[in-house]
Every structure is written in structure tokens, then in C-alpha cells.
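**Student:** Below is the sequence, then the predicted model.
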Amino acid sequence: MLAGLSAVAAGQPSPAVTGSVPAGGGGGRVVFVFPGQGSQWVGMGRELAVVSPVFAARLAECERALAPFVEWSLTGC
């Protein structure tokens, strides 16, 4: 993920990053998608962070990696 974030920050393409620009070039919001087998639900990431220490640790790593680039908290959303 760090390599992908570094590529995004540098404006470089990366095979680990998929993205698009909204029609009209409007200011979009950052979205994290938790892919799976179609069984996702609203709040899934939040629930996983509570019940899975491994997931919570990886999420905390993502938050630290994003911190220099954003003005919001990943876990505070």
C-alpha cells in the first residue's frame, strides 16, 4: 500500500492503484473499498477494526501512511 500511496503522491501510475476523476473535475472524496465476495455491509471495516486485532493494526498502519497527505483521520471517520 505504501508503494501505491507514494505513486499517487508523486502523480505516477501504479499497478496497485485504481482511480478515476469525477466528470467535470469536481473535488471528490477519498474512498477505501474492502473487496470481497459480495458480502460487504455498511460499517464492515469499522466492525472488523473492533473484532480483529490484525485488521486494526493494518488499518492503523494505513492511517499513519496517509497522515502526511490528508487532514482527516482514517479511524476517526
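**Tutor:** Cool, the structure landed. All values reported here derive from a predicted model rather than from experimental measurement. Numbering: from 1, shown residues only.
**Student:** And the lengthiest helix in the chain, how far out from the chain middle?
**Tutor:** In the chain, with assignment by DSSP state H, the single longest helix is helix 53-66. Offset of helix 53-66 from its chain centre (CA atoms, centre = their mean, to the nearest Å): 10 Å.
**Student:** For it, give me every contacting residue.
**Tutor:** Residues outside helix 53-66 that contact it (CB atoms under 8 Å, 6 or more residues apart in numbering): Met1, Leu2, Leu5, Phe32, Gly45, Leu48, Ala49, Val50, Ser73, Leu74, Thr75. Just so you know, the C-beta spots here come from the backbone N, C-alpha and C atoms, and that holds for glycine as well.
**Student:** distance of the first one from Trp41?
**Tutor:** Which is Met1. In this view, Met1 and Trp41 are 23 Å apart by CB to CB, to the nearest Å.
**Student:** which of those two has more neighbours?
**Tutor:** Met1 (12 against 6; other CB atoms under 10 Å).
**Student:** my guess is the more buried one meets Ser14, correct?
**Tutor:** No: the pair Met1 / Ser14 is not scored as a contact, 10.5 Å apart, by CB atoms under 8 Å.
**Student:** got a list of what Thr75 touches?
**Tutor:** Going by CB under 8 Å, 6+ apart, Thr75 touches Ala49, Leu59, Ala60, Glu63.
**Student:** Give the buried subset of those as a PyMOL selection command.
**Tutor:** In PyMOL syntax, the buried subset of the contacts of Thr75 is picked out as below (16 or more other CB atoms under 10 Å):
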select buried, resi 49+59
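**Student:** Check the contacts of Thr75 against Thr18 and report the nearest one.
**Tutor:** Nearest to Thr18 among the contacts of Thr75 is Leu59, at 19.7 Å by CB to CB.
**Student:** Read off the pLDDT value for that closest one.
**Tutor:** In the predicted model, Leu59 carries a pLDDT score of 89.
**Student:** So what's the residue count around Ala9?
**Tutor:** Ala9 - counted by other CB under 10 Å - has 10 other residues nearby.
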